[in-house]
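Enquirer: need coordinates for the following:
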Amino acid sequence: MTCEIVRAFSVVPSQIEIFEATYGPEGPWVRLYRNVRTYLGTRLIADLDKHGDYIAIDEWRSHQAWLDFQKDHPDALAALDAACSPLLHATRYIGAFRVIQPVRA
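Expert: Coordinates of the predicted model:
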């Protein structure tokens, strides 16, 4: 069963382009995750009503895979968090979720 790690971000308006590049498909976060076979992908979602608010959803093979990644890469995670903090007003970990049943059109 896969696991979705969900975080919310409020971005400094002047830093939106840099934030989107940093958290986007070719940014340093995804490059770090991509080296781990249990990482399945990231979706970065921009709020249409609140300019500068985002949700990031990282998909992992399991919750344990995410926990193992955190345990195995604490320095890299801390360094990226520190490097990205000037881009943000706030960040919030929402939680780790499992998909009950995907909805397909």
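Enquirer: burial count for residue 55?
Expert: Number of residues near residue 55 (other Cβ atoms under 10 Å) recorded here: 15. For glycine as for every other residue, the C-beta is placed from the backbone atoms N, C-alpha and C.
Enquirer: what's the answer for the one 10 residues further on, then?
Expert: Other residues near residue 65 number 17, with proximity taken as other Cβ under 10 Å.
Enquirer: three-state assignment of residue 89?
Expert: What DSSP: H, G, I helix; E, B strand; the rest coil gives for residue 89 is strand.
Enquirer: neighbouring contacts of the least confident helix or strand in the chain by mean pLDDT?
Expert: None of the helices or strands of the chain scores lower by mean pLDDT, DSSP states H and E than helix 28-34, at a mean of 90. Contacting residues not belonging to helix 28-34 are listed as 22-24, 39, 42, 58, 69, 73, 76-77, 80, 83 [Cβ atoms under 8 Å, 6 or more residues apart in numbering].
Enquirer: now name the helix or strand holding the spatially most central residue of the chain.
Expert: The centroid of the chain falls nearest to residue 56 when counting by Cα atoms, centre = their mean (4.3 Å). In this structure, residue 56 sits in strand 53-60 according to DSSP states H and E.
Enquirer: CA atoms of that strand as PDB?
Expert: Listed next in PDB are the C-alpha coordinates belonging to strand 53-60 (Å, rounded to 0.1, in the frame of the first residue of the first chain):
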ATOM      1  CA  ASP A  53      -0.100  28.700  -1.100                       C
ATOM      2  CA  TYR A  54       0.900  25.200  -2.200                       C
ATOM      3  CA  ILE A  55       0.400  21.600  -1.300                       C
ATOM      4  CA  ALA A  56       3.200  19.000  -2.000                       C
ATOM      5  CA  ILE A  57       2.300  15.400  -2.100                       C
ATOM      6  CA  ASP A  58       5.200  12.900  -2.100                       C
ATOM      7  CA  GLU A  59       4.200   9.300  -2.900                       C
ATOM      8  CA  TRP A  60       6.200   6.400  -1.400                       C
END
